[in-house]
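Asks: The sequence and its predicted three-dimensional model are supplied below.
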Amino acid sequence: MSSSRQIFELARRDFMQRAKSKAFLMSMLLTVGVVLMIGPVLMLIDRESGPTYVGVVGDLPPGAVGAIQEQADTLGVDVEIRQYPDVSAAEEAIVEGEIAAAVNGLDEVIFREEVSIRLDAVLTAGVANAQRETLAAEMGLSLDEVEQLLYPVFYSQRTLEPAETEEDTAREAGALVGLMLLYISILIFGQFVMMGVMEEKQTRVVEVVLSRVKPSQVLIGKVLGIGLLGLVQIAAIGGAAIFTLSVADVADIDLTNTGTRVLGVLVLWYLLGYAFYSFMYGALGATISRQEDMQGVAMLPVLLILPGFFLAQVAIASPEGWLARVASFVPIWSPMVMAVRSTVSDVPIWEVALSILLLVVTTYALIKLGGRIYRGAILQTGSKTKLRAAWRSATS
Amino acid sequence: MLVFSALTKRFGNVPALDQLGFQVHPGRILGFLGPNGAGKTTAMRCVFGLVTPDSGEVTWNGAPIDRDIKLRFGYMPEERGLYPKMLVGDQLAYFARLSGMDRKDAAAAGAEWLNRFELANRSASKLEELSHGNQQRVQLACALVHQPDVAVLDEPFAGLDPIGMETMAAVLRSLAAGGMTIVFSSHQLDLVSDICQDVVIIDHGRTVLTGEVSELRRLSPTRYLEIDVNGQPWTALVPGVETIETKGRHRYMLSRTAPIEEILQQARHDGEVTRFAFEPPHLTDLFREAVGR
């Protein structure tokens, strides 16, 4: 029987046992359910933000309503205009919240509590444009002459750096959500590995397992089985997110595209980050055989990964800053920092490759180190094994 | 043949095994005996590489025990070692697959073993839902499910009721008859002498006695004499003969060639001799003599 088939059997058991547990299934279904709700909720919010209603009342120049509409379009404000017979009717409509503002003839613009500069501009400029046409006609001026009088100098605008697009915003939001999912997944599934190792030691079943397979196979099998479970969860949550965003038509840009990019980056760095931390968790799990000792031992990986979580948030704001760049090469942090950087900006391929290489090499060293600690500690009796004792007790 | 040769192991300053050596013959059952802390569990763990000896080795048919050979071995540890929340049937099939059986054979073998121990109806129960004795049966089934060539069983009878012991003993006998080589440790010496053809007794990590049970008894220089007079155990002092209490029985300890006629005469003097048993030592006696306590 090949060693890889044994590893497959070990991985399969760990995968199935956890996947079949009610707690896991429930939490996953719940999360996927919540994620699927995002699309409909966004659509609802979108619908809520419909047009702003404004009123007109009193003597207005001819074409005023059309001019207000035109002005609103120019300024990018979605307005709908209602006409009122008298000022008191318009005031009542404002107080009732039916309209946000009303223009009263050539005299005033009425608001409820606060003046909205935007609406004021739409209404007054609209009415002024209509009035200007009326006056120009009375004076016998052509529209061209009016234009020349009004705009003797015409400026064009130029920016030095590109403005943030909707795509950028979507990527940043995606990076933040992805970062949280990544951080939680690495920790949760890493701790599953630790718990699994500890339970096998506690119940002494590991002796029976080790009478058939090598310690390194047991650890690799466990890391693979539980890692695959994590991947399934990420795929389910990510897939649900992409599905719900693609169905909901909420933005002018293609959210599916951004979602796929986030998910791709997430899967890659989850695999790399999980591999690193799960072997650490596995080795630590072998040193304990009681639930009570787990808290203390589980702190070490958390302390290592936590700065990475914060550095990754720095990287969302400035992905090319020196802090983010340096942190994206440090193996204990790179899974999160590089994941974020390559989501929000276009990181040169060599930087990503170098970061992966460093992490893979470190992970390999950790597998050797963790494997030896696991081997030395897993069959030790007593509640807790010191790392040094485990190291010494493992032969080569 | 399974050979333990010159196994030595120290845990810190504590010697666990000291040049331990003995052999287990194919198709036979060997009882592995010794007082607590004699090194039995350590020696058994050495077979599977769970303990690496400082020197010496365990071989099977002349070859060191590698991965492939190990898969033809079955191991039952002293303390329970199974997944408490895993279903009994799944558990057996899993360990069978881990030993190289394919999916179908593994499931069939697991079911067959549950049948054998009359646990077929508990296949879909979690292990932790079973009684202590039934868990013990599953543990044994787990060691044997892949039809190993060699079974190394550490205290397989601990915690079983007499019926359970008898069932398990019958299973071991039939497996040995089918060619399986079996080593098991136990503290229940009566049981061991019932089941085993061979024994090895170890103390302080060293072999102190090894051989076929019947041979060892026959060749022992000691004999035990029990006499009842008028239906009551006869306990009179016989000059120059040692006595011993075993399980409440008064026994005379003699050499194989002792003049028992003289003792018989003396007993007859006291009344009607209703019982006269002159026997080689029981395994318990051999054990006591070997470990000197």
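Replies: On my side now, so go ahead.

Asks: For the rest of this, base every contact and every neighbour count on C-alpha atoms.
Replies: OK.

Asks: Show the contacting residues for the closest residue to chain B within the stretch 151-300 of chain A.
Replies: Nearest residue of the stretch 151-300 of chain A to chain B (Cα to the nearest Cα) works out as A:V205 at 3.6 Å. A:V205 makes contacts with B:R80, B:G81, B:L82, B:Y83, as judged by Cα atoms under 8 Å, 6 or more residues apart in numbering or on different chains.

Asks: And for the last one, the neighbour number?
Replies: Taking other Cα atoms under 10 Å in any protein chain shown as the neighbour definition, B:Y83 ends up with a count of 18.

Asks: That one should be in a strand, yeah?
Replies: No: counting by DSSP: H, G, I helix; E, B strand; the rest coil, B:Y83 is located in no strand; its state is coil.

Asks: Backbone dihedrals for it, please?
Replies: phi -80, psi 110 (degrees, to the nearest 10).

Asks: how much space between it and A:R18?
Replies: From B:Y83 over to A:R18 the distance is 13 Å, taken as Cα to Cα, to the nearest Å.

Asks: Just give the nearest non-adjacent residue to the one residue in chain B that gets nearest to chain A, would you?
Replies: Distances between chain B and chain A by Cα to the nearest Cα are smallest at B:G81, namely 3.6 Å. Spatial nearest neighbour of B:G81, chain neighbours left out: A:V205 (3.6 Å); criterion: Cα to Cα, 6 or more residues apart in numbering or on different chains.

Asks: Domains in chain B, by residue range?
Replies: Using automatic domain parsing, the domains assigned to chain B come out as B:2-216, B:220-291.

Asks: Give the bridge partners for B:V199, please.
Replies: Note on B:V199: beta-bridge partners by DSSP bridges are B:G31, B:G211.

Asks: any low-confidence regions in the stretch 151-293 of chain B?
Replies: For the stretch 151-293 of chain B, the stretches with pLDDT under 70 are B:293.

Asks: Helices along that one, start to end?
Replies: Per DSSP state H, counting those that start in this stretch, the stretch 151-293 of chain B carries helices over the ranges B:162-177, B:189-195, B:213-219, B:260-270, B:283-291.

Asks: longest helix of chain A?
Replies: helix A:166-202 (DSSP state H).

Asks: Okay, buried residues for that one please.
Replies: A:167, A:170-176, A:178-179, A:181-183, A:185-187, A:189-202 (16 or more other Cα atoms under 10 Å in any protein chain shown).

Asks: Name the nearest residue to B:H204, sequence neighbours excluded.
Replies: B:A38 (4.7 Å).

Asks: would you say that neighbour is within a helix?
Replies: No: using three-state DSSP, the secondary structure at B:A38 is coil, not a helix.

Asks: That one contacts B:D203, doesn't it?
Replies: Yes: counting by Cα atoms under 8 Å, B:D203 is a contact partner of B:A38 at 4.7 Å.

Asks: which residues are there in chain A that come within reach of chain B?
Replies: Taking Cα under 8 Å from any Cα of the partner chain as the criterion, chain A approaches chain B at residues A:1, A:6, A:9-10, A:13, A:17, A:200, A:203-213, A:379.

Asks: again, only this time at 6 Å
Replies: A:M1, A:Q6, A:T203, A:R204, A:V205, A:S211, A:R212 (Cα under 6 Å from any Cα of the partner chain).

Asks: Among these, which has the minimum pLDDT value?
Replies: The member of the residues of chain A next to chain B with the lowest pLDDT is A:M1, at 67.

Asks: so what's A:D252 scoring on pLDDT?
Replies: Per-residue pLDDT puts A:D252 at 61.

Asks: and if you look at A:G382?
Replies: Per-residue pLDDT puts A:G382 at 67.

Asks: Test my guess that B:L20 contacts B:V208.
Replies: No: at 9.4 Å, B:L20 does not count as touching B:V208 under the criterion of Cα atoms under 6 Å.

Asks: Need the max-distance pair from the residues of chain A next to chain B.
Replies: A:M1 and A:T203 (26.5 Å; Cα to Cα).

Asks: Quick check: A:R325 vs chain B, distance?
Replies: 46 Å (Cα to the nearest Cα, to the nearest Å).

Asks: Near that residue, how many other residues are there?
Replies: A:R325: 20 neighbours (other Cα under 10 Å).

Asks: burial of the spatially closest residue to it that is not a sequence neighbour, as a residue count?
Replies: Residue nearest to A:R325 in three dimensions, not counting chain neighbours: A:P319, with 7.2 Å by Cα to Cα, 6+ apart. By other Cα under 10 Å, 24 other residues sit near A:P319.

Asks: surely A:P319 meets A:A339?
Replies: No: using Cα under 6 Å, A:P319 makes no contact with A:A339, being 10.4 Å away.

Asks: Distance check, A:F154 against A:Q71.
Replies: Counting by Cα to Cα, the gap from A:F154 to A:Q71 is 19 Å.

Asks: thought A:A175 was touching A:V340?
Replies: Yes: using Cα under 6 Å, A:A175 is in contact with A:V340, at 5.5 Å.

Asks: Work out the gap between the strand or helix carrying A:D46 and the centre of the chain.
Replies: A:D46 is part of helix A:22-48, with elements assigned from DSSP states H and E. In this view, helix A:22-48 has its centroid 14 Å away from the chain centroid, taken as Cα atoms, centre = their mean, to the nearest Å.

Asks: One more: stretch B:164-171?
Replies: On Cα atoms, centre = their mean, the centre of stretch B:164-171 falls 13 Å from that of its chain.

Asks: of A:F154 and A:Q71, who's got more company?
Replies: A:Q71 (21 against 6).

Asks: need the contact list for the more buried one.
Replies: A:V122, A:G126 (Cα atoms under 6 Å, 6 or more residues apart in numbering or on different chains).

Asks: average pLDDT across stretch B:68-76?
Replies: In this model, stretch B:68-76 carries a mean pLDDT of 93.

Asks: can you list the residues that contact that stretch?
Replies: With Cα under 6 Å, 6+ apart, stretch B:68-76 has contacts from A:R212, B:S99, B:A143, B:L144, B:P148, B:D149, B:V150, B:A151, B:V152, B:L153, B:D154.

Asks: hmm, back to that, compare B:L20 and B:V208 and say which is more crowded by neighbours.
Replies: B:L20 (23 against 17).

Asks: What residues sit buried inside the helix or strand harbouring that one?
Replies: If you go by DSSP H and E, B:L20 is part of strand B:14-24. Under the neighbour-count criterion of 16+ other Cα under 10 Å, strand B:14-24 has B:A16, B:L17, B:D18, B:Q19, B:L20, B:G21, B:F22, B:Q23, B:V24 buried.

Asks: for stretch B:266-281, same thing?
Replies: For stretch B:266-281, using 16+ other Cα under 10 Å, the buried residues are B:A267, B:V273, B:F278, B:P280, B:P281.

Asks: measure that stretch end to end?
Replies: 23 Å.

Asks: do stretch B:223-239 as well
Replies: 17 Å.

Asks: how about that stretch: buried residues?
Replies: For stretch B:223-239, by 16+ other Cα under 10 Å, it's B:R223, B:Y224, B:L225, B:E226, B:I227, B:D228, B:V229, B:P233, B:W234, B:T235.

Asks: With distance to chain A as new columns, can those residues be given to me in TSV?
Replies: Below are the buried residues of stretch B:223-239 laid out as TSV (distance: Cα to the nearest Cα, whole Å):
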residue	distance to chain A
B:R223	43
B:Y224	43
B:L225	46
B:E226	46
B:I227	49
B:D228	51
B:V229	54
B:P233	49
B:W234	51
B:T235	49
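
Asks: Which pair in these has the greatest spatial separation?
Replies: For the buried residues of stretch B:223-239, the maximum inter-member distance is 19.7 Å, found between B:R223 and B:V229 (Cα to Cα).

Asks: how much space between the spatially most central residue of chain B and B:D270?
Replies: Taking Cα atoms, centre = their mean, the centroid of chain B lies closest to B:G31, which sits 3.3 Å from it. Going from B:G31 to B:D270 by Cα to Cα gives 42 Å.

Asks: And B:N13, by the same measure?
Replies: Taking Cα to Cα, one finds B:N13 at 57 Å from B:D270.
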